[in-house]
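Q: Sharing a model prediction with you, sequence too.
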Amino acid sequence: MKRQRILIADDNRAITDILKMNFELLGYEVMVASDGEEAERKFKALPPDLMLLDVMMPKKNGYKVCRDLKKDPQLVRIPIVLLTAKNLKEDVYWGYDCGADAYVTKPYDPRQLELLVGQLIQEAVTGRRSTSWTGLPDASRVEAEYRARLEAGASAQLLRASFPREPAEAFMRKYGVPRFKDLLHRTAWTLYELVRDVTSAGVLGQDTDDRFFVTLHPEEADPLKAKTQQKLREVILSCYDKEDQQRGRLVEPGMGPDKGKETPLIALQWETLELPAQ
């Protein structure tokens with residue numbers, strides 16, 4: 001049986017030695033790189049099943065390495081975990097913005113890291129992870145489940161949820177793309193919890209345009225929408241600055257044509273889809 005391969009990229013020799021020993025004891029094949037360029041070169045030459053990547057690396061930092069590797073369609077599904085001592089909220093934003101599958105701050109719990117690595121590799125192997133950095137299943141799996149239920153004679157409904165374009169673009173102009181990615185990440189996993197709690201067998205996924213898809217029993221649709229509206233309002237509002245929270249609208253600062261422009265706060269919009277027969 002082929003051993004799963006991990007690439008550990010860190011310029012701290014003591015850290016790579018410990019991680020290498022631990023994961024080899026767990027049965028993994030381990031490669032090591034000591035700078036960003038070496039990590040990217042080894043990743044492409046002999047693609048691993050997962051990479052543990054330090055952010056502060058010589059020659060090329062981990063953010064740039066991750067972003068460049070995730071641009072390659074042949075490599076994008078390989079999980080990359082950023083390991084770093086940088087734990088400010090802005091650092092986490094940048095970690096997810098560059099496409100990282102997980103962001104772990106030092107010092108980390110070795111057991112939790114081992115479990116995370118095993119989970120990410122398993123999900124990548126089974127195809128349960130999407131190319132999106134939230135880690136939700138690809139939307140195609142949700143559509144396939146919807147068709148399968150209909151073909152089996154069961155009642156099923158397919159919903160799509162997305163953010164209106166104008167409020168989303170205003171949010172990114174004022175707060176930046178990394179903060180919008182954080183908002184999306186919080187939305188994704190709030191939806192995941194709600195689908196699990198409200199539906200008996202709902203399936204949630206996401207496409208590359210960051211729209212969310214749910215297949216569920218038709219009678220569960222309205223309860224899910226109602227609970228989502230209540231819960232997500234709190235989650236989304238927390239991503240805005242206090243001033244915008246209080247006024248209930250986003251006001252854009254700066255000197256450009258959008259200065260002083262007011263835009264409604266983001267709210268998730270739901271649609272019911274009817275797929276053509278295959």
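A: Ah, there it is.

Q: Could I get the full set of strands for this structure?
A: 5-9, 29-33, 50-54, 80-84, 102-105, 157-162, 203-206, 212-216, 249-251, 262-264, 269-273 (DSSP state E).

Q: how much space between S155 and S200?
A: Counting by C-beta to C-beta, to the nearest Å, the gap from S155 to S200 is 12 Å. Glycine gets a C-beta too; all of them are placed from N, C-alpha and C.

Q: quick one on the thing from earlier: can you add mean pLDDT, mean neighbour count and distance to R186 and give the strands of the chain back as JSON lines?
A: Listed next are the strands of the chain as JSON lines, based on pLDDT from 0 to 100; neighbours: other C-beta atoms under 10 Å; distance: least, C-beta to C-beta, whole Å:
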{"stretch": "strand 5-9", "mean pLDDT": "93", "mean neighbour count": "23", "distance to R186": "28"}
{"stretch": "strand 29-33", "mean pLDDT": "93", "mean neighbour count": "19", "distance to R186": "32"}
{"stretch": "strand 50-54", "mean pLDDT": "91", "mean neighbour count": "27", "distance to R186": "23"}
{"stretch": "strand 80-84", "mean pLDDT": "83", "mean neighbour count": "25", "distance to R186": "18"}
{"stretch": "strand 102-105", "mean pLDDT": "75", "mean neighbour count": "19", "distance to R186": "14"}
{"stretch": "strand 157-162", "mean pLDDT": "95", "mean neighbour count": "19", "distance to R186": "14"}
{"stretch": "strand 203-206", "mean pLDDT": "87", "mean neighbour count": "24", "distance to R186": "13"}
{"stretch": "strand 212-216", "mean pLDDT": "94", "mean neighbour count": "26", "distance to R186": "13"}
{"stretch": "strand 249-251", "mean pLDDT": "91", "mean neighbour count": "18", "distance to R186": "17"}
{"stretch": "strand 262-264", "mean pLDDT": "91", "mean neighbour count": "15", "distance to R186": "19"}
{"stretch": "strand 269-273", "mean pLDDT": "93", "mean neighbour count": "12", "distance to R186": "17"}
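
Q: Could you dump these into a markdown table and include distance to A168?
A: Formatted as a markdown table, the strands of the chain follow (distance: least, C-beta to C-beta, whole Å):
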| stretch | distance to A168 |
| --- | --- |
| strand 5-9 | 34 |
| strand 29-33 | 37 |
| strand 50-54 | 29 |
| strand 80-84 | 25 |
| strand 102-105 | 23 |
| strand 157-162 | 9 |
| strand 203-206 | 15 |
| strand 212-216 | 14 |
| strand 249-251 | 11 |
| strand 262-264 | 9 |
| strand 269-273 | 11 |
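
Q: need the helix or strand of the protein with the lowest average pLDDT.
A: Taking mean pLDDT, DSSP states H and E as the measure, the chain has helix 89-97 as its least confident helix or strand, at a mean of 57.

Q: hmm, back to that, do you know which of the strands of the chain lies nearest V125?
A: strand 50-54 (10.4 Å; C-beta to C-beta).

Q: Give me the residues contacting that closest one.
A: Residues from elsewhere that reach strand 50-54 (C-beta atoms under 8 Å, 6 or more residues apart in numbering): 4, 6-12, 15, 19, 39, 43, 62, 65-66, 78-84, 100, 117, 120-121, 124.

Q: Report the distance from it to the chain centre.
A: 16 Å (C-alpha atoms, centre = their mean, to the nearest Å).

Q: This completes my enquiry, with thanks.
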